[in-house]
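K.L.:
Coordinates for the following, if possible.
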Amino acid sequence: MVVQITPLKDDSNKAILSAIRRDASTDYQRRIPDPTKAGVQASLKALANHRPSYNEFLDALVNRIGSVIARNTSWTNPLAEFKRGMLQYGDTIEEIQSGLLQAHVYDPDREYLENAIFGTERPDVEANFHRVNRQDYYKITINEPLLQRAFLDDSGLSSFVAQLLEAPSTSDQWDEFLLTTQLFREYESNGGFYHVNVPDVARIESSEADAKTALRKLRAMADTLKFVSTKYNAAHMPTFANPDELCIFVTPEFNAAIDVEALAGAFNVSKAEMYGRIIPIPTEHFGIDGCQAIMTVRDFFVIADQRLENTSQYNPVALHNNYFLHHWQVVSASRFVPAVMFHTGADDEVIEVSKPVTSVDDVVINDVNGTATTTVLRGNIYQAVSKANTTPEGGEDAVRWSVEGATSPHTHITNTGVLHVGGDEGATNIKVRVTSTWLNPENLREDGVTKVTGNLSVSGDAVPEWPEQGRLSAVEIIGIRTNVVDGTTAYTFTTDQTAFKTEDVRVISEGSISSKVTIAGKVITVKADPGVGAAVSYTFTATAPTP
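P.N.:
Purely as a prediction, here's the structure:
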């Protein structure tokens, strides 16, 4: 159990002895008198005459009071804020990163069977294991005669303990800082950082233009990291970072040259609410030639304490106590978070291997039974099959589909190759074309590789829509009406009229249809397009009535 002791307001010997006695065991309180009543010398004499109480006093002085005093006077690791607290169980931290999933095109005309519904599709997952890799201890010896001398001065006890424990505390904090900064070198030596070239701003001779160039690149990268990418981390997993999460570790020379206020202005925020925190690190502790700054997030550091405690051992021969400060921890770096180095070297060159589409397979039209066909029926659906081929394999093999020669807006093909033949399709032949979506980066205007079927014969009766667009119901000639019957195209009128004009003929329809009337002597032809299929001609012949 860790006992939290607040800093003493009175650091006199009497106050320290009283604080220890107040939290000590019952046996200690019974044997050792209260220094405020009996005096410091009486308490000291009682301690000298009872070794167990003296050991309890010394342990409390070092582990409780001493740690508080030393913490206020020793050097503190400025990167300790990036630690993850105590590792309560085990000796390993597991870090997992998931990749992206492949999109699938939904098509209501497809049957989604057991593979699509119950099949597995595992994402790309990587795991890193960070184990305890620091197990250090710091030894300090407290000599009993020297401790007794500390009581000669009214505040000598606190001064003695502070000086004594400052060494292991500062040593531990300094070593932790060195191990933390060494992660930058380790990460770089394994090719982890993405590199961006900036001028050598740290030079005394660097110009204002150099500083502005560096600032522009810092700002551009901060905005770039907002979007998912695999380029900016060592594992090449998809990741991103919001601007308010960024930490920018810079050399003091770089920081001084750019000026913190100028940097804050470049990020469009006030100095107090900087768009990315600026953390100076001495140049020698980067340990990377040409490094000016490192942009990452706090999760870059995987640092956690497993054991941080004091132990002791009394040496009866030398009359001193040895105290050991043990510090075990994980000190590691994440391979999954964005990490960008701005240095005087060259930019990283991301080599994209071009995988051009070299050919497209012939288009095959299959019916619902999976049988290839060159004849399609009105109102039916078919599956078009083809694929793009890339060299080497694994390139962009997506294709787009189109129908040529169709007259009906209901004849179309989906992006998964399902061909719908409209029930009102008026064409006798149509074609299906497949085209690769891959674009040649050297000539973006170049058409994709394409293939087209031969003529697909369209057959079958027209399938009218519901409701029908319109139908011819009757024709009237100068007052004589004849109702039109489906399937009948020839009609005879008996009339006294022998010469006709177009205004003598009236076409009667249900719904909206287009019609055309032509007259050749006694033969009257009505050509009507009911909106479904081809136009139909109706012939009306005028005859003289029987006397």
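
K.L.:
residue contacts, the residue nearest to Gly405 when sequence neighbours are not counted?
P.N.:
Spatial nearest neighbour of Gly405, chain neighbours left out: Ile430 (4.5 Å); criterion: Cβ to Cβ, 6 or more residues apart in numbering. C-betas here are computed from N, CA, C, even on glycine. Neighbouring residues of Ile430 by Cβ atoms under 8 Å, 6 or more residues apart in numbering: Val376, Val403, Glu404, Gly405, Ala406, Thr411, Val421, Asn455, Leu456, Val458.

K.L.:
of these, closest to Val132?
P.N.:
Val403 (65.7 Å; Cβ to Cβ).

K.L.:
how many neighbours does the nearest residue to the closest one once chain neighbours are set aside have?
P.N.:
Of all residues not flanking Val403 in the chain, Ile413 sits nearest, at 5.3 Å (Cβ to Cβ, 6+ apart). By the criterion of other Cβ atoms under 10 Å, Ile413 has 23 neighbours.

K.L.:
Same check on the one 3 residues further on?
P.N.:
When neighbours are defined as other Cβ under 10 Å, Thr416 has 14 of them.

K.L.:
ok, now which ones touch it?
P.N.:
Taking Cβ under 8 Å, 6+ apart, one finds Val105, Asp107, Arg110 in contact with Thr416.

K.L.:
which residues does the last one contact?
P.N.:
Yep, that's Arg110 we're talking about. Taking Cβ under 8 Å, 6+ apart as the test, what Arg110 contacts is Thr416, Val418.

K.L.:
what about it, which helix or strand?
P.N.:
Under the criterion DSSP states H and E, no helix or strand holds Arg110.

K.L.:
pLDDT score for it?
P.N.:
Looking at Arg110, its pLDDT stands at 71.

K.L.:
Distance-wise, check it relative to Val421.
P.N.:
Distance, Arg110 to Val421, by Cβ to Cβ, to the nearest Å: 17 Å.

K.L.:
do the first one as well
P.N.:
Using Cβ to Cβ, Val105 is found at 21 Å from Val421.

K.L.:
out of those two, which sits in the busier spot?
P.N.:
Each of Val105 and Val421 has its neighbours counted (other Cβ under 10 Å); Val421 has more, 26 against 9.

K.L.:
hang on, the more buried one packs against Ala384?
P.N.:
No - counting by Cβ atoms under 8 Å, Val421 sits too far from Ala384 to count as a contact (11.8 Å).

K.L.:
still on that earlier bit, hang on, the residue nearest to Gly405 in a strand?
P.N.:
Yes - membership of Ile430 in a strand is supported by DSSP: H, G, I helix; E, B strand; the rest coil.

K.L.:
What score does the closest residue in space to Lys387 that isn't next to it in sequence have for pLDDT?
P.N.:
Nearest-residue entry for Lys387: Asp361, 5.3 Å, with adjacent residues in sequence omitted and distances by Cβ to Cβ, 6+ apart. pLDDT for Asp361: 91.

K.L.:
quick one: Asp361 from Ala398, how far?
P.N.:
In this view, Asp361 and Ala398 are 14 Å apart by Cβ to Cβ.

K.L.:
what's the answer for Ala167, then?
P.N.:
For Ala167, the distance to Ala398 equals 67 Å [Cβ to Cβ].

K.L.:
Check Ala499 too.
P.N.:
Ala499 sits 67 Å away from Ala398 when distances are taken as Cβ to Cβ.

K.L.:
higher neighbour count, these two?
P.N.:
Ala398 (14 against 9).

K.L.:
What does the nearest residue to the more buried one once chain neighbours are set aside show for phi and psi?
P.N.:
Once flanking residues are discounted, Ala398 sits nearest to Thr437: 4.6 Å by Cβ to Cβ, 6+ apart. The phi/psi pair for Thr437 (degrees, to the nearest 10) reads phi -90, psi -10.

K.L.:
show me the contacts for Thr437.
P.N.:
Thr437 neighbours (Cβ under 8 Å, 6+ apart): Glu396, Ala398, Val399, Arg400, Gly448.

K.L.:
I'd assumed Val360 was in contact with the third one.
P.N.:
Yes - the criterion here is Cβ under 8 Å, and Val399 meets it with Val360 at 7.0 Å.

K.L.:
Next, show the common contact partners of those two.
P.N.:
Ser386, Lys387, Ala388, Val434, Thr435, Ser436.

K.L.:
Now for Val421 and Ala384: what residues contact both?
P.N.:
With Cβ under 8 Å, 6+ apart, Val421 and Ala384 have no common neighbours.

K.L.:
residue boundaries of the helices in this structure?
P.N.:
Per DSSP state H, the chain carries helices over the ranges 13-22, 26-31, 35-38, 40-49, 51-60, 67-73, 114-118, 144-150, 156-189, 208-224, 252-258, 260-266, 283-286.

K.L.:
Ala235: which of these is closest?
P.N.:
Once these are compared by Cβ to Cβ, helix 156-189 is nearest, at 11.7 Å.

K.L.:
Pull out the buried positions in that closest one.
P.N.:
157-158, 160-162, 164-166, 168-173, 175-177, 179-181, 183-184, 187-188 (16 or more other Cβ atoms under 10 Å).

K.L.:
now swap in stretch 502-518 and tell me
P.N.:
Buried residues in stretch 502-518 (16+ other Cβ under 10 Å): Asp504, Val505, Val507, Ser509, Ile513, Ser515, Val517.

K.L.:
Using PDB, write out every CA atom in that stretch.
P.N.:
What follows is stretch 502-518, C-alpha atoms only, in PDB (Å, rounded to 0.1, in the frame of the first residue of the first chain):
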ATOM      1  CA  THR A 502     -57.900  14.500 -93.000                       C
ATOM      2  CA  GLU A 503     -60.200  16.700 -91.100                       C
ATOM      3  CA  ASP A 504     -63.000  14.200 -91.900                       C
ATOM      4  CA  VAL A 505     -61.200  11.600 -89.800                       C
ATOM      5  CA  ARG A 506     -61.100  11.700 -86.000                       C
ATOM      6  CA  VAL A 507     -58.900   9.300 -84.000                       C
ATOM      7  CA  ILE A 508     -60.400   8.400 -80.600                       C
ATOM      8  CA  SER A 509     -57.900   7.000 -77.900                       C
ATOM      9  CA  GLU A 510     -57.700   6.100 -74.300                       C
ATOM     10  CA  GLY A 511     -54.700   7.700 -72.700                       C
ATOM     11  CA  SER A 512     -52.000   9.700 -74.500                       C
ATOM     12  CA  ILE A 513     -50.900   8.300 -77.900                       C
ATOM     13  CA  SER A 514     -49.600   9.700 -81.100                       C
ATOM     14  CA  SER A 515     -51.300   9.000 -84.400                       C
ATOM     15  CA  LYS A 516     -51.000   9.900 -88.100                       C
ATOM     16  CA  VAL A 517     -53.700   9.800 -90.700                       C
ATOM     17  CA  THR A 518     -53.100   9.300 -94.500                       C
END
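
K.L.:
average pLDDT for it?
P.N.:
Stretch 502-518 comes out at a mean pLDDT of 85.

K.L.:
Repeat that for stretch 40-51.
P.N.:
74.

K.L.:
With stretch 319-333 instead?
P.N.:
86.

K.L.:
Alright, I will stop here.
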